[in-house]
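Generate a structure from the sequence data that follows.
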Amino acid sequence: MPDEPGKKKEAMVASRSQSMEFAHQKTVFYEMYVTRETWPIAIGPNGTINFPRTECDLVLARLFGLLVLRSLMADFQSLPDDLIVDSILSKIRDAKALLRCSAVARDWRRWTARVPALHFDFPKSWKQDCVVRSLDAEKIVWAAISRVQGGGIGELSLRFSPTEPSLVCLCENAVQLWIQHVSASVRELKLSNKGCAFSELLPSLSRCARLSSLSLEFGYFDGIPQGCRFPELKKCRFANVIFHGDDLERFVACCPALEELTIDECFSTQIPVVTLRSGSIRALVIAETRFNRLAVEAEKLGELTIAPKSFPVDLLPGKSEYPSN
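Take a look at the predicted model:
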């Protein structure tokens, strides 16, 4: 007969060891993610960058706390990966927080690598606490993007809007590398990069075969490279963008499936008339934009909004006006 008292003793020792391990995990978590004013993370061989704690981080800390408490009652490994990724981590809209999350343990690295949406935001308020130059931002973005398994990122958003003269825009070569890494999977892409030459990114963007939504802010176009085409793009937004010559016309011509186009606080140079020709556009919104003159040729257009209307608008011959909001 097996030694029953011995088995009970072993079970008690194992249970106590597991409880101590969970308690240690909870203590480490609390010290790393709740009490600290900044969040350290190692970025390659060039040292460590400290993130200030934000409101998003506090939400993340609460989620972690719930999961750690759950692990005190059941084996944490038994939780389905899909539950952790889809119901919790995918709800976090800050890629920097996810990057910090991946430093908790090996399992967290695996889970965060499956998150299909990454959102980076480097606003002025963040730099007031921690001065981040473009090179630091590039390291952070690449550290997060390169970890996603198989480039499975369906949604990528990047906002870098420096207000200090010492801060420059993100390097176009770095942005091209990120776009190429997600080109097989990305469906929605938003880029706000002050002073960025969007023309240099178009060849990489045209290789994103599934791209259906694109938003570009705070940059300029200086020509449309030959061969660029966006067959799946249905929704596009430009904000604070400078177009040279007929760049806007040529871009729209590269989008045969485009249905919604928004032009916000943009202007076009060196061209007397901006002509938008499309057989697919159904909604066109132009706000606070400076054109010398606008000509619209879009037979499927059902919604046209221009506010304020500070320039002449020529409509498709045969139509005196378009429906508008």
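
buried ones in stretch 239-249?
The neighbour-count check on stretch 239-249 (16 or more other C-beta atoms under 10 Å) flags 239-243, 245-249 as buried. C-beta coordinates here come from the backbone N, C-alpha and C atoms, glycine included.

nope, stretch 269-282 is what I was after
For stretch 269-282, by 16+ other C-beta under 10 Å, it's 271, 274, 276, 278, 280-281.

what's that stretch in contact with?
For stretch 269-282, contacts defined as C-beta atoms under 8 Å, 6 or more residues apart in numbering pick out 242-246, 248-249, 252-253, 255-261, 268, 284, 291-303, 314.

Whichever of those residues end up buried, select them in PyMOL.
In PyMOL, this line selects whichever of the contacts of stretch 269-282 come out buried by 16+ other C-beta under 10 Å:
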select buried, resi 242+243+245+246+248+249+252+255+258+259+260+261+268+284+291+294+295+296+297+298+301
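
I'd like to know which of the contacts of stretch 269-282 are part of strands.
The members of the contacts of stretch 269-282 that map onto strands under DSSP state E are 242-244, 260-261, 268, 284, 294-297, 303, 314.

Of all pairs in those residues, which one is the farthest apart?
The most widely separated members of the ones in strands among the contacts of stretch 269-282 are 244 and 303, with 27.8 Å between them, by C-beta to C-beta.

how many other residues sit next to residue 180?
If you count neighbours by other C-beta atoms under 10 Å, residue 180 ends up with 15.

doesn't it fall inside a helix?
Yes: checked against DSSP: H, G, I helix; E, B strand; the rest coil, residue 180 lies within a helix.

and it, what does it touch?
Contacts of residue 180 by C-beta under 8 Å, 6+ apart are 204, 207.

and it, how far is that from residue 137?
Distance, residue 180 to residue 137, using C-beta to C-beta, to the nearest Å: 18 Å.

just residue 92 next, same as before
Separation of residue 92 from residue 137 (C-beta to C-beta) stands at 19 Å.

repeat for residue 89
Residue 89 is 22 Å from residue 137, by C-beta to C-beta.

Neighbour count for the two, which is higher?
residue 137 (24 against 21).

Would you mind confirming that residue 255 is in contact with residue 230?
Yes: taking contacts as C-beta atoms under 8 Å, residue 255 lies within contact range of residue 230: 4.8 Å.

Is it correct that residue 121 falls within a strand?
Yes: assessed with three-state DSSP, residue 121 lies in a strand.

Now do the SS call for the residue nearest to it when sequence neighbours are not counted.
Closest residue to residue 121 apart from its sequence neighbours, by C-beta to C-beta, 6 or more residues apart in numbering: residue 159 at 4.7 Å. Of the three states, residue 159 takes strand under three-state DSSP.

Is residue 159 in contact with residue 190, as I believe?
Yes: in this structure residue 159 lies within contact range of residue 190 using C-beta under 8 Å: 7.5 Å.

who touches both of these two?
Joint contacts of residue 159 and residue 190 (C-beta under 8 Å, 6+ apart) are residue 217.
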